[in-house]
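A.B. asks: Need the 3D shape of this:
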Amino acid sequence: MKKNVYFVSGMDTGIGKSYATGFLAREWNARGIRTITQKFIQTGNTELSEDIELHRRLMGTGLLPEDHERLTMPEIFTYPCSPHLAAEIDGRDIDFDKIERAMDTLSERYDAVLLEGAGGLMVPLTRRYLTIDYIADRQLPLIFVASGRLGSINHILLSLEAIERRGIRLHTFAYNLYEDRDGDDLIRKDTRAYVQQYISEHFPEAEFVEIPRLTDVPPLSE
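C.D. replies: Residues are numbered from 1 along each chain as shown. The predicted structure is shown next:
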């Protein structure tokens with residue numbers, strides 16, 4: 001597996017992985033790291049990945065040639081659910097070889113590929129194979145997205161224990177404020193301090209990044 005592919009997962013569904021992925025891609029490009037995003041498996045869509053569309057809005061690029069080539073959205077299923085069930089509903093298996101061929105092509109064209117997963121870290125891809133298994137098998141560095149809303153510490157620590165147990169390298173912990181706009185500020189600040197201390201002790205090489213709220217996500221440029 002290429003060393004410039006980073007898997008983006010999170011503590012739960014709806015935690016803001018797509019927002020964090022697009023934001024980080026924008027920031028890395030601004031730092032001179034030519035970065036593209038890829039949606040690992042998209043569910044609930046047909047022709048166009050809505051998550052890739054959000055990435056491009058945040059990046060301010062419009063759809064890229066690789067989007068039109070379907071390299072960034074190689075597997076799309078129609079029903080908005082876990083990949084294993086979406087594949088069963090559509091009557092076809094997930095083509096992991098197709099995903100990895102597309103991933104390899106992107107990693108050759110760009111300095112970095114942010115590969116966004118579907119749902120949380122333990123989401124099943126098949127009846128016997130989880131997202132975390134895929135990350136561990138391919139030894140992909142992980143960008144883990146979480147929020148500071150009530151209950152987050154429990155979900156975060158369970159996830160981090162699973163990451164540590166499988167020997168996955170935590171590259172970045174992304175503390176996402178965008179999806180916690182209505183949360184309790186006291187809880188948010190305490191969660192941040194608690195988790196940051198935990199990561200410094202258990203994952204000292206990982207970067208802790210705060211994903212800020214943007215006042216407005218720009219429309220997709222043509």
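
A.B. asks: Now do the helices in the chain.
C.D. replies: Ranges of helices within the chain are 17-30, 50-59, 65-68, 83-90, 96-109, 131-138, 152-165, 185-202, based on DSSP state H.

A.B. asks: can you redo those helices as a markdown table with mean pLDDT and mean neighbour count?
C.D. replies: All C-beta spots, glycine's among them, are computed from the backbone N, C-alpha and C. Converted to a markdown table, the helices of the chain look like this (pLDDT from 0 to 100; neighbours: other Cβ atoms under 10 Å):
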| stretch | mean pLDDT | mean neighbour count |
| --- | --- | --- |
| helix 17-30 | 96 | 22 |
| helix 50-59 | 96 | 22 |
| helix 65-68 | 98 | 15 |
| helix 83-90 | 98 | 18 |
| helix 96-109 | 97 | 16 |
| helix 131-138 | 98 | 18 |
| helix 152-165 | 96 | 17 |
| helix 185-202 | 93 | 14 |
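
A.B. asks: Throw these into TSV and include distance to T172, thanks.
C.D. replies: Formatted as TSV, the helices of the chain follow (distance: least, Cβ to Cβ, whole Å):
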stretch	distance to T172
helix 17-30	8
helix 50-59	16
helix 65-68	23
helix 83-90	23
helix 96-109	18
helix 131-138	14
helix 152-165	12
helix 185-202	10
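
A.B. asks: V5 is nearest to which of the ones you listed?
C.D. replies: Checking the helices of the chain against V5 by Cβ to Cβ gives helix 96-109 as the closest, at 5.4 Å.

A.B. asks: Could you list every helix and strand that the closest one packs against?
C.D. replies: The contact analysis (3 or more Cβ pairs under 8 Å, 6 or more residues apart in numbering; DSSP states H and E) places helix 96-109 against strand 5-10, strand 35-39, helix 65-68, strand 112-116.
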